[in-house]
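1. Here you go, sequence then predicted model.
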Amino acid sequence: MTTLFWKKRPRPLLLALALSVGVTGCARPYILEDLGMELTAGYDLTDNGKLLVTYSLPNIGAGEQEKTIIISSKGDLSKEARENVGLATDRQIVSGQLRVAVFSEHLARKGIWHVLDTLMRDVNITKTMVLCVSDGNAGDLMKSKAPTRPSSGRYLYELLQKSQKNYAVPKTTIQDFERIYYDQGADPMIPYVRLENGTIMAAGTALFRNDRFVGSLSPEETKMMLLLRGGGQGGDIKQTLHTKGQDNLQDQVMLTFVTAKRKAKLEMQNGRPHITYDVKVSGQIIEYSGDEDLTDDKIAQKIEKQIEDGLSTRIKDLIKQFQTKYHVDPLGLGTKIRAANLYPNDPWTYDLWRKSYESAKIDVNFKLRIIRTGITR
């Protein structure tokens, strides 16, 4: 009886041990020092149309002088280039630690979806991986020396994280790009960086129409755009005033947005969408180059009005560039138009989105309240 029971109902502990032995025997062992863990990947386009991929890999071996290994290879496809990288190193290339993908502007203008599609199909790559466009070659940017980190790849990742919190660049992951790319109502945008005097700098926003880079925004323009998207709280922005100081130069003011709220109203007017943004901001003046006494209420109100008018004009000019120069919809107004059902008798299509957005009338009402003018002692 005992033998029969054992055959039919094996004990759970012994079964688990048996399974663990089987699984362990099939697993592929990895030694940390033998791994080439991708931290940053850079993508360039060669003159003959091949993809040049550059990887930043940490050098984990004990006593190593170099903190990072930079290695490049070419291929018709990104996977082919990655395989060629593996042939040029004794490390086992793995992608689980990939944090940033950098695309050169030259490649981004041709389109980056074929590379992104491959990255998204890699189950080892996290969906929170950050994307950015480089003003120059991605490989040159990755080979630069980082001032405060052992590798340029790590420095770039930390720089983008900090700049996103300051609203100098947009916060966009590969998952965000994929979602917006498939949405017929918005265009993707990702951080824009450049190499300046040998140092990587956050340079604002790279604008995309579908998957192609079409232009860039400065950090200041990025902050204004993010205000309309519902962000911007904690960001700093500079505004030129109408007044002049003793040096006969126009006064400048630097403002920190303490709170920022915005509402968008949509309606149909004369056969085209009419969108009105109401943006309310409370801010603190942290620097002022003029000679006026900002503690005087009348003077403070005059400064408020100048800043309101100046930022309203700049934001309207920025929206006009989106509609007529770059033909992009980074604000996702197409999604708002569709949600408002402004075209009840027409099926929502890609062409209707583009046509309705570019013909839309967009107004911005900017209201500022200065709550503090800084602290003096």
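-> Received, thanks.
2. Can you show me the helices along the protein?
-> Counting by DSSP state H, the chain has helices at residues 2-8, 12-26, 78-87, 105-110, 113-120, 138-143, 152-165, 174-181, 219-228, 297-320, 333-339, 350-359.
3. got any ranges where the stretch 101-250 of the chain has weak pLDDT?
-> In the predicted model of the stretch 101-250 of the chain, residues 147-151, 232-234, 245-246 satisfy pLDDT under 70.
4. follow-up on the earlier one: so for Val281, which of the helices of the chain sits nearest?
-> Nearest to Val281 among the helices of the chain is helix 219-228 (7.3 Å), distances taken as CB to CB. The way it works is simple: take the backbone N, C-alpha and C, and place the C-beta from them, glycine included.
5. Report all helices and strands that the closest one contacts.
-> Helix 219-228 sits against strand 199-209, strand 236-244, strand 250-269, strand 272-288, helix 297-320, with contacts defined as 3 or more CB pairs under 8 Å, 6 or more residues apart in numbering; DSSP states H and E.
6. Ile286 touches Val258, doesn't it?
-> No. With contact defined as CB atoms under 8 Å, Ile286 does not count as touching Val258 (10.7 Å).
7. In TSV, list the helices and strands packed on helix 219-228 along with mean neighbour count and distance to Tyr55.
-> Compiled in TSV, those are given as follows (neighbours: other CB atoms under 10 Å; distance: least, CB to CB, whole Å):
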stretch	mean neighbour count	distance to Tyr55
strand 199-209	22	17
strand 236-244	16	35
strand 250-269	16	38
strand 272-288	18	41
helix 297-320	16	36
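8. would CSV of the helices of the chain with distance to Asn210 be doable?
-> Formatted as CSV, the helices of the chain follow (distance: least, CB to CB, whole Å):
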stretch, distance to Asn210
helix 2-8, 61
helix 12-26, 43
helix 78-87, 19
helix 105-110, 12
helix 113-120, 8
helix 138-143, 21
helix 152-165, 23
helix 174-181, 7
helix 219-228, 19
helix 297-320, 20
helix 333-339, 13
helix 350-359, 9
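9. Out of these, the one nearest Arg369 is which?
-> Arg369 lies closest to helix 297-320 among the helices of the chain, at 7.1 Å (CB to CB).
10. what's the angle between that closest one and strand 236-244?
-> Counting by axes from the mean of the first three to the mean of the last three CA atoms, to 10 degrees, helix 297-320 lies at 120 degrees to strand 236-244.
11. Mind listing residues that contact helix 297-320?
-> 217, 221, 224-225, 227-228, 237, 239-243, 253, 255, 279, 285, 292-294, 331, 362-370, 373 (CB atoms under 8 Å, 6 or more residues apart in numbering).
12. That one: how far from the chain's middle?
-> Relative to its parent chain, helix 297-320 has a centroid offset of 27 Å by CA atoms, centre = their mean, to the nearest Å.
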